[in-house]
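> Structure of the sequence below:
(chains A and B)
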Amino acid sequence: MTDAATLKNVLTRDPADLLRRWVTHQLDALEARRDLLRDDVLEAQSREFLQLMTQAVASGDLDRVQHAEAWAPVRELLTSLSRTRATQGFTPSETALFVFSLRQPLFNALRQHGLAGDALVEAMGVIADLIDRLGLFTTEVYQGGREELIARQQQDMLELSTPVVKLWNGILALPMIGTLDSARTQVVMETLLTRIVETGADVAIIDITGVPTVDTLVAQHLIKTVTAARLMGADCIISGIRPQIAQTIVHLGVELGDVITKATLADAFAIALKRRGLAVGTARAPRS
Amino acid sequence: MERIPILKMGDCLLVTIQVEMHDRIAMALQDDLTDKISKLGVRGVLIDISALEIVDSFIGRMLANIASMARVLDANVVVTGMQPAVAITLVELGLSLAGVRTALNVERGMALLRAMNPSLVEDLDDVDELDDVER
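Numbering: from 1, shown residues only, chains lettered A, B, ... in the order given. This is a model prediction of the structure:
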């Protein structure tokens, strides 16, 4: 009898009993997580998994679980299951437990199947291998889900931390928060230049109050942004330079060229208004 | 061969690049523009590159060179309408077009040229004003 046929017999001999044992096993192991997982949902998932697995085993291909066409539905189920569990806050081991907890019930079923000696050991090895592969696949997908989440959050942060705000007609401000690296400079530059085209601004204020450190690289990125804006016909003012940063800039010998720098955003805004021939004054009290 | 038209408007030249810049077109533009500046004795040159979507290092350098040459011939140069992508490319290539004035669009470029060189005459109103001053 082939490995696949043995396994198929084990799976189909008493599916209800196998399912019951498996679900009990899982519920025992996931005692602490009962609040996140409803018993009936778990049972439905487990039943579906057993059905799909039985079909896949029937194809006879037990070695290429991660690629074979016959295992695609099983993989799909595991993928959606580990994605859901990853977002629900399950740990990797709790997620992988779904598959690994099937090992014991399968071994039990195998013993009742009437195999003995070398044949039993061999069949157990086959089952253990299969369960391991499925378990690894689940863990991989779980990890992938987490990584996607992290990447998305990074992207969100990148976009959140680089808003371009319009202060006045023709005056844009770019409050920078966080460290400036090459990737962020690229995003900042693109958003700033696009906004310059959209709003027809001719002054842009880059506020670096929220930039923790300015080294030669950051300064170079700043100068690049300023130069790019200048090529589009907009003048840049750098504001929010803290005393500590002013010292660093001079100590490092960073040359900011002819870029206008101001200590506060307010000063920079005043200059920008002046450039456009505007002034801020006190409004006269309305006559009653 | 395809050439980029150079239009004379009052005391300045207007160059609008509407075609994809090939190396040879850029070379031809360099010759034509320097020729016209010295022949016509204009004081201002406006180069509009709003239709230019892609630049390579050669075209970038040609732009910088053309602008520098015009300045050597004592004409103010304003480059207008640069696309964000072009600006980023030029910066990454290390071409900051130092000494060249820039403006967002042709209208502002013209205003800038006029501000740089008050004797530039753009329309009849300006002519009248100029006459009054001279009288």
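
> looking at this, A:Val214 is in a strand?
No - using DSSP: H, G, I helix; E, B strand; the rest coil, the assignment for A:Val214 is coil, not a strand.

> From what I see, it and A:Gln244 are in contact.
No - the pair A:Val214 and A:Gln244 fails to qualify as a contact (C-beta atoms under 8 Å) at a distance of 9.2 Å. In this view, the C-beta of every residue, glycine as well, is placed from N, C-alpha and C.

> Indicate the residue of chain B located nearest to chain A.
Taking C-beta to the nearest C-beta as the measure, the point where chain B comes nearest chain A is B:Pro84, at 3.4 Å.

> Give me the distance between B:Ile88 and A:Glu140.
The gap separating B:Ile88 from A:Glu140 is 38 Å, by C-beta to C-beta, to the nearest Å.

> Tell me which of those two has more neighbours.
B:Ile88 (22 against 15; other C-beta atoms under 10 Å in any protein chain shown).

> doesn't A:Thr191 make contact with the more buried one?
No - in this structure, B:Ile88 is not within contact of A:Thr191 by C-beta under 8 Å, at 11.5 Å.

> what helix or strand is the closest residue to chain B within the stretch 1-150 of chain A on?
For the stretch 1-150 of chain A and chain B, the shortest gap (C-beta to the nearest C-beta) falls at A:Ile150, measuring 27.4 Å. Per DSSP states H and E: A:Ile150 is located in helix A:117-160.

> again with A:Val218
Remark: A:Val218 resides in helix A:216-231, with elements defined by DSSP H and E.

> That helix: which residues count as buried?
A:218-219, A:221-231 (16 or more other C-beta atoms under 10 Å in any protein chain shown).

> Dump those into TSV; add pLDDT as well.
Listed next are the buried residues of helix A:216-231 as TSV, based on pLDDT from 0 to 100:
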residue	pLDDT
A:Val218	85
A:Ala219	87
A:His221	87
A:Leu222	88
A:Ile223	89
A:Lys224	90
A:Thr225	91
A:Val226	92
A:Thr227	91
A:Ala228	93
A:Ala229	93
A:Arg230	92
A:Leu231	91
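
> what stretches of chain A score poorly on pLDDT?
For chain A, the stretches flagged by pLDDT under 70 are A:1-2, A:60, A:287-288.

> Enumerate the residues of it near chain B.
Within chain A, the positions near chain B by C-beta under 8 Å from any C-beta of the partner chain are A:186, A:189-190, A:193-194, A:196-197, A:200, A:202, A:224, A:227-234.

> Tell me which other helices or strands the top helix by length along chain B touches.
Secondary structure of chain B per DSSP state H: the longest helix is helix B:23-40. Using 3 or more C-beta pairs under 8 Å, 6 or more residues apart in numbering or on different chains; DSSP states H and E, the elements in contact with helix B:23-40 are strand B:6-9, strand B:12-16, helix B:57-72.

> can you give me the angle that helix makes with strand B:12-16?
Calculated by axes from the mean of the first three to the mean of the last three C-alpha atoms, to 10 degrees, helix B:23-40 forms an angle of 170 degrees with strand B:12-16.

> what are the phi and psi values for the residue in the stretch 151-288 of chain A that chain B sits nearest to?
For the stretch 151-288 of chain A, the residue closest to chain B is A:Leu193, as judged by C-beta to the nearest C-beta, at 3.4 Å. Per-residue torsions, A:Leu193: phi -70, psi -40 (degrees, to the nearest 10).

> Tell me if I'm right that B:Ala64 and B:Val100 touch.
Yes - the criterion here is C-beta under 8 Å, and B:Ala64 meets it with B:Val100 at 7.4 Å.

> Name all residues that make contact with A:Cys236.
A:Cys236 sits next to A:Val203, A:Ala204, A:Ile205, A:Ile206, A:Thr225, A:Val226, A:Ala229, A:Arg230, A:Val259, A:Ile260 when contact means C-beta atoms under 8 Å, 6 or more residues apart in numbering or on different chains.

> Thanks again, I'm all set now.
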